[in-house]
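okay, sequence plus prediction incoming.
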Amino acid sequence: MERITSSHNPLVQHMRKLQTSRAYRESCGEFVADGWKLLEEALKWYPEVTAVLTSEPERCPALPSSARLVEVPASLMQSVSSMRTPQGVLFSLRLPQEGALRVQPGMLLLDRIQDPGNLGTILRTADAFDLPVLLTNGCADPFSEKTVRASMGAVFRRPPQSAPMEDVLRACHAAGIPIAATALSDTACDLREVDLMRHLVVIGSEGQGICPELLAASDRQIIIPMQPRCESLNAAVAAAIVLWQMRP
């Protein structure tokens, strides 16, 4: 086990930057997570943990031989972690390798979901129902520290795919998969009347809804029935209702 006490140490600076910069995460192929529970989930489900910083090394479970284990003082952990009250461990992982785009019926497509908390909650809910998730390029980073935390480890168990909207539409057309878009419109039908397991189902952004191009390309529009006095639902709540209806 190594020991680091300087805030200027390259690994410490690396961990800080992984928490703040998506471009840096993508350039070095790593992301970071915070907390003992997430570390347990990562070791159980995810292929590669690269380094673990901890102020409580006695709590650390067995790590792969390739992972660095580094002890740091509690004061340094406080300065490295983005959490107001650090849990005593911060760790880095390899980003998953993007393979070929795979679309299938019964998949949830998220369009421009930009709040990391909402995105993580949706990924957590989709994992609970064992349904795959696809993100358009306008979404928040699924591997940001905030999203990973909100997902409660779902990104380790079922990493989401990401792809440009145009590629998704092309793949759905080639595979003959109809698209059902959630929308507040007079032509939308009650989602309970549609076999959503046959469709790729779209949830739009918190403030803007689904982009016009994706809405125009959809085969049908669906709506969650609610009281007329209520204008809309939070994206994560709407996704949970849709996912419940999509479950096998």
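Arrived safely, thanks for sending. Computed from a prediction, not measured in an experiment: that's the story for all the values here.

can you read off the pLDDT for the residue sitting nearest the centre point of the chain?
With distances taken as CA atoms, centre = their mean, P142 lies nearest the centre of the chain, 3.4 Å away. With respect to pLDDT, P142 has a value of 97.

pretty sure it sits in a helix.
No. Under DSSP: H, G, I helix; E, B strand; the rest coil, P142 sits outside any helix and is assigned coil.

please tell me how far the spatially closest residue to it that is not a sequence neighbour sits from P132.
Nearest residue to P142, sequence neighbours excluded (CB to CB, 6 or more residues apart in numbering): P160, at 5.2 Å. No exception for glycine: its C-beta is placed from N, CA and C like everyone else's. Noted for P160: a distance of 8 Å to P132, by CB to CB, to the nearest Å.

between the two, which one's more packed in?
Higher neighbour count among P160 and P132: P160, with 23 against 17, using other CB atoms under 10 Å.

who's in contact with that one?
Listed by CB atoms under 8 Å, 6 or more residues apart in numbering, the contact partners of P160 are L123, P132, V133, L134, L135, P142.

can you give me phi and psi for the closest residue to the fifth one other than its chain neighbours?
Put plainly, it is L135. Residue nearest to L135 in three dimensions, not counting chain neighbours: S162, with 4.5 Å by CB to CB, 6+ apart. Note on S162: its backbone torsions stand at phi -130, psi 140 [degrees, to the nearest 10].

quick one: the strands in this protein, in order.
2-3, 30-34, 49-54, 68-71, 89-94, 107-110, 133-136, 161-163, 179-182, 189-190, 200-203, 220-223 (DSSP state E).

okay, those, which one's buried deepest?
Scoring the strands of the chain by mean neighbour count under mean count of other CB atoms under 10 Å gives strand 200-203 as the most buried, with a mean of 27.

what about that one, average pLDDT?
96.

list of residues touching it?
103-105, 107-111, 113, 122, 134, 168, 172, 177-182, 210, 214, 218, 222, 235, 238-239, 242, 246.

and it, which strands flank it?
Within its sheet, strand 200-203 is paired with strand 107-110 (parallel), strand 179-182 (parallel), according to DSSP bridges.

what residues does the first one touch?
With CB under 8 Å, 6+ apart as the contact definition, strand 107-110 has outside contacts at 119, 122, 126, 131-136, 139, 168, 179, 200-203, 239, 242-243, 246.

now with 6 Å?
Here strand 107-110 makes contact (CB atoms under 6 Å, 6 or more residues apart in numbering) with A126, P132, V133, L134, L135, C139, L200, V201, V202, I203.

what does the last one give?
Residues from elsewhere that reach strand 179-182 (CB under 6 Å, 6+ apart): 172, 199-203, 210, 215, 218-222.

out of those residues, which is nearest to K17?
K17 has its nearest neighbour among the contacts of strand 179-182 in I203, at 31.0 Å by CB to CB.

so how far is V12 from that closest one?
Relative to V12, I203 is positioned 38 Å away (CB to CB).

is it possible to export the strands of the chain to a markdown table including distance to C230?
Listed next are the strands of the chain as a markdown table, based on distance: least, CB to CB, whole Å:
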| stretch | distance to C230 |
| --- | --- |
| strand 2-3 | 54 |
| strand 30-34 | 35 |
| strand 49-54 | 43 |
| strand 68-71 | 50 |
| strand 89-94 | 40 |
| strand 107-110 | 22 |
| strand 133-136 | 26 |
| strand 161-163 | 31 |
| strand 179-182 | 15 |
| strand 189-190 | 15 |
| strand 200-203 | 17 |
| strand 220-223 | 12 |
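
V148 is nearest to which of these?
strand 30-34 (4.7 Å).
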